[in-house]
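J.: quick one, fold the following:
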Amino acid sequence: MKLVTIVGSERLSAGDVSAARDAAASAGMDAGAASWTEAEAVAEFSGAGPAAAVRDAVEVAVPHADVIVQAAAERRRRLFIADMDSTMITVECIDELADYAGLKAEISAVTEAAMRGEIDFIGALEGRVALLAQLPVAAIDDCLRDRVRLSPGAQTLVRTLRRHGVYTLLVSGGFTRFTGPVAEMIGFDEARANVLETYGDVLTGKVVPPIVDANAKREALTGAAHERGIALAETIAIGDGANDLLMVETAGLGVAYHAKPKLADAADMRIRRGDLTVLLHALGIPRADWISA
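T.: A predicted model of the protein is given here:
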């Protein structure tokens, strides 16, 4: 039995919900009666049918909503693993750091290609970091203070998940000097990322191996689940780019957040309209139980 959750980015009407049920039926679901879990904002119905086809059809029918289709019996999750850049925060840290070296345009173009899966991630990371050689380490603190902003709903999502017994892990192809402070601000249990090599008070232009890439992110997911006796069906992974693809495909619920096409096509759930709290609706956690930032 599949559960369909529709989260409106603007007011949902009874007509929207009816259109969603019709679309689900056209995609092969025997859709049951709908109910409101939050008036004019979130509605749900269930039935047997192909999850991806139903999601795609309902997204077209209700374009101002985010749509989640999942096995009703697997709605409860115990492990949440998230990308950082352009997911839990609004920027790509390496691009913003590059601005302090006068290289933002050049490095941003490489970042975009890497996130779209058009070039090798490790080679792209090493090449971009090499361009930052001799940049003062103090620029990182400046970048954190002046450029890094949390994505809407990030603190509410993670703190609410932890309150409900979910282990939370931030894993990034970025750098520990950013993930540590960001994880603390948001409220993650743990953070993993790459280490920038320094010499004195400047960057050397090198990353200390091993590099956190797509394989490492997937291993972080499977390793954390194994260590805690958590089935993969009870895990969530969220990201925005190709470097998140393997962990999103491996998780019980793989989520694409305002994502590049390659990841959006592979994910179980796509947040296209709303903020990170859409995921709390997907998990059936009522707004009254959310922990506000």
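J.: regarding Asn194, what is its secondary structure?
T.: Following DSSP: H, G, I helix; E, B strand; the rest coil, the label given to Asn194 is strand.
J.: any idea how many residues pack against it?
T.: 24 (other CB atoms under 10 Å). Backbone N, C-alpha and C define where each C-beta goes, glycine included.
J.: who touches it in this structure?
T.: By CB atoms under 8 Å, 6 or more residues apart in numbering, Asn194 lies in contact with Leu125, Ser172, Gly173, Gly174, Phe175, Thr176, Val207, Val208, Ile211, Val212.
J.: what ranges does the chain have for its strands?
T.: 2-8, 35-38, 42-47, 65-71, 79-82, 167-175, 190-199, 202-208, 235-239, 253-257, 269-271 (DSSP state E).
J.: show me where this structure has helices.
T.: 14-26, 51-61, 93-99, 104-115, 121-130, 138-146, 154-163, 176-186, 214-227, 245-250, 261-266, 278-282 (DSSP state H).
J.: any idea how far the residue of the chain most remote from its centre lies from Thr87?
T.: Taking CA atoms, centre = their mean, the residue of the chain most remote from its mean C-alpha position is Gly200, at 34.8 Å. Gly200 is 33 Å from Thr87, where distance means CB to CB, to the nearest Å.
J.: and for Gly28?
T.: 32 Å.
J.: these two: which is more packed in?
T.: Ranked by neighbour count (other CB under 10 Å), Gly28 and Thr87 place Thr87 first, with 24 against 13.
J.: hmm, back to that, out of the strands of the chain, nearest to Arg147?
T.: Closest approach to Arg147 among these (CB to CB): strand 167-175, 12.8 Å.
J.: show me how the chain divides into domains.
T.: 1-75, 77-293 (automatic domain parsing).
J.: save those domains as JSON lines, and put in mean pLDDT too.
T.: Formatted as JSON lines, these follow (pLDDT from 0 to 100):
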{"stretch": "domain 1-75", "mean pLDDT": "96"}
{"stretch": "domain 77-293", "mean pLDDT": "96"}
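J.: now stretch 105-119 - C-alpha only, PDB.
T.: What follows is stretch 105-119 as a C-alpha-only set of coordinates in PDB (Å, rounded to 0.1, in the frame of the first residue of the first chain):
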ATOM      1  CA  ALA A 105      33.300  32.900 -11.700                       C
ATOM      2  CA  GLU A 106      36.000  30.400 -12.800                       C
ATOM      3  CA  ILE A 107      35.400  28.100  -9.800                       C
ATOM      4  CA  SER A 108      31.600  28.300  -9.900                       C
ATOM      5  CA  ALA A 109      31.500  27.100 -13.400                       C
ATOM      6  CA  VAL A 110      33.400  23.900 -12.400                       C
ATOM      7  CA  THR A 111      31.300  23.400  -9.400                       C
ATOM      8  CA  GLU A 112      28.100  23.600 -11.500                       C
ATOM      9  CA  ALA A 113      29.500  21.000 -14.000                       C
ATOM     10  CA  ALA A 114      30.500  18.700 -11.100                       C
ATOM     11  CA  MET A 115      27.100  18.900  -9.400                       C
ATOM     12  CA  ARG A 116      25.400  18.200 -12.700                       C
ATOM     13  CA  GLY A 117      27.500  15.000 -13.100                       C
ATOM     14  CA  GLU A 118      29.300  16.300 -16.200                       C
ATOM     15  CA  ILE A 119      32.800  16.000 -14.900                       C
END
